[in-house]
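Undergrad: Next one to model:
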Amino acid sequence: MKIFLDSDVLLDLLLGRELFLEDIKWILELSLSNHYKLYTSSIIIANIHYLISKTSNAEKAKEKVNKLLSFIKILNVGEKEIRSSIESKFKGFEDGIQNFSAVNSDMQIIVTRNIKDFKTSNLSILTPKEFLVRYRK
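TA: Residues are numbered from 1 along each chain as shown. Okay, the predicted model is just below:
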């Protein structure tokens with residue numbers, strides 16, 4: 001199964017957000033044991049680098065992005081995803097881009113803590129906790 005991870009979930013892992021850390025660690029563990037393949041978009045990677053470099057420094061941001069590259073595949077964002085987002089009913093332009101990146105790459109699920117941002121999606125939108133309840137074997 002192919003799972004798209006939104007930026008909030010990845011930042012939980014990279015920044016060690018205690019309240020949410022255990023769930024994303026379980027999802028990562030499941031992917032490492034080949035149960036699921038994890039994906040995100042190139043825009044999310046760029047945003048994560050930017051946010052970490054602003055709160056820490058560029059070297060730390062590079063280190064964190066390298067950590068992500070060890071377990072997640074990166075989907076390119078192109079004109080198709082941009083146009084789809086513009087023409088969609090998504091309130092957030094970037095959320096639309098993430099959705100259509102996932103749709104155009106045959107994802108089944110987007111895992112995010114911001115479910116309300118994806119209410120117009122046709123994919124299954126789950127929090128990390130909901131994902132684990134439903135799919136942890």
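Undergrad: which residues touch residue 129?
TA: Residue 129 is in contact with residue 23, counting by C-beta atoms under 8 Å, 6 or more residues apart in numbering. Using the backbone N, CA and C atoms, a C-beta is placed for each residue, glycine as well.
Undergrad: so it is in which element?
TA: Assigned by DSSP states H and E, residue 129 belongs to helix 128-135.
Undergrad: how far does that helix sit from the chain's center?
TA: Distance of helix 128-135 from the chain centroid (C-alpha atoms, centre = their mean, to the nearest Å) equals 15 Å.
Undergrad: Stretch 23-30 too?
TA: 13 Å.
Undergrad: can you check stretch 76-92 too?
TA: Relative to its chain's centre, stretch 76-92 lies at 16 Å (C-alpha atoms, centre = their mean).
Undergrad: Check stretch 109-118 too.
TA: Put simply, stretch 109-118 sits 9 Å off its chain's centre (C-alpha atoms, centre = their mean).
Undergrad: Can you name the residues in contact with that stretch?
TA: With C-beta under 8 Å, 6+ apart as the test, stretch 109-118 has contacts from 1-6, 8-9, 12, 20, 27, 90-92, 95, 98-99, 102, 121, 123-128, 131.
Undergrad: Where do the helices of the protein begin and end?
TA: Applying DSSP state H to the chain gives helices spanning 7-15, 18-32, 42-55, 58-69, 79-87, 93-104, 128-135.
Undergrad: got a markdown table for those, with mean pLDDT too?
TA: Listed next are the helices of the chain as a markdown table, based on pLDDT from 0 to 100:
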| stretch | mean pLDDT |
| --- | --- |
| helix 7-15 | 94 |
| helix 18-32 | 93 |
| helix 42-55 | 96 |
| helix 58-69 | 95 |
| helix 79-87 | 97 |
| helix 93-104 | 97 |
| helix 128-135 | 94 |
